[in-house]
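*Asks:* mind looking at a prediction? Sequence and model below.
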Amino acid sequence: MSITLIYLYQNLLDWTARQLVSGKRGVTSSAAPSILVRLGLEQSTWCESVKDFGKLFCRVAGRPDCVDSMRCHRTHRRYHLRRRARELLKLPD
């Protein structure tokens, strides 16, 4: 993994923790980390996805178009996303 990717990931983790836990010590920019901009995710979408990950996703996680194209290796059945996960991660029209 490149140093730049590790740095972006650490910034994303730190920023996310500060959004979800009030009163966390230290200073982090309130602006969205550049990785969210590059992924085309809103701050609120990312935070809800992280906070409610276990409620939103069962077997797989990802954008609906990617998940819909996947099949279980064992049963060859299509994976399903919960409705809220589809709403959160749908691509803009």
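*Replies:* Structure's in. What do you need? Residues are numbered from 1 along each chain as shown.
*Asks:* got the contact list for the nearest residue to Cys72 once chain neighbours are set aside?
*Replies:* Nearest residue to Cys72, sequence neighbours excluded (CB to CB, 6 or more residues apart in numbering): Tyr79, at 6.6 Å. Glycine gets a C-beta too; all of them are placed from N, C-alpha and C. Neighbouring residues of Tyr79 by CB atoms under 8 Å, 6 or more residues apart in numbering: Arg59, Val60, Val67, Asp68, Met70, Arg71, Cys72.
*Asks:* just Leu36 next, same as before
*Replies:* Leu12, Glu42, Gln43, Trp46.
*Asks:* show the buried residues in these.
*Replies:* Among the contacts of Leu36, those classed as buried by 16 or more other CB atoms under 10 Å are Leu12, Gln43, Trp46.
*Asks:* roughly how far apart are the residue nearest to the second one when sequence neighbours are not counted and Cys72?
*Replies:* Closest residue in space to Gln43, ignoring its immediate chain neighbours: Ala32 at 5.0 Å, by CB to CB, 6+ apart. With distances taken as CB to CB, to the nearest Å, Ala32 is found 34 Å from Cys72.
*Asks:* more crowded one of these two?
*Replies:* Ala32 (15 against 11; other CB atoms under 10 Å).
*Asks:* distance to Ile3 and pLDDT for the contacts of Tyr79 - can I get that in JSON lines?
*Replies:* Listed next are the contacts of Tyr79 as JSON lines, based on distance: CB to CB, whole Å; pLDDT from 0 to 100:
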{"residue": "Arg59", "distance to Ile3": "33", "pLDDT": "87"}
{"residue": "Val60", "distance to Ile3": "29", "pLDDT": "90"}
{"residue": "Val67", "distance to Ile3": "31", "pLDDT": "90"}
{"residue": "Asp68", "distance to Ile3": "35", "pLDDT": "90"}
{"residue": "Met70", "distance to Ile3": "31", "pLDDT": "90"}
{"residue": "Arg71", "distance to Ile3": "36", "pLDDT": "91"}
{"residue": "Cys72", "distance to Ile3": "36", "pLDDT": "89"}
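*Asks:* that's all I had, so thanks and see you.
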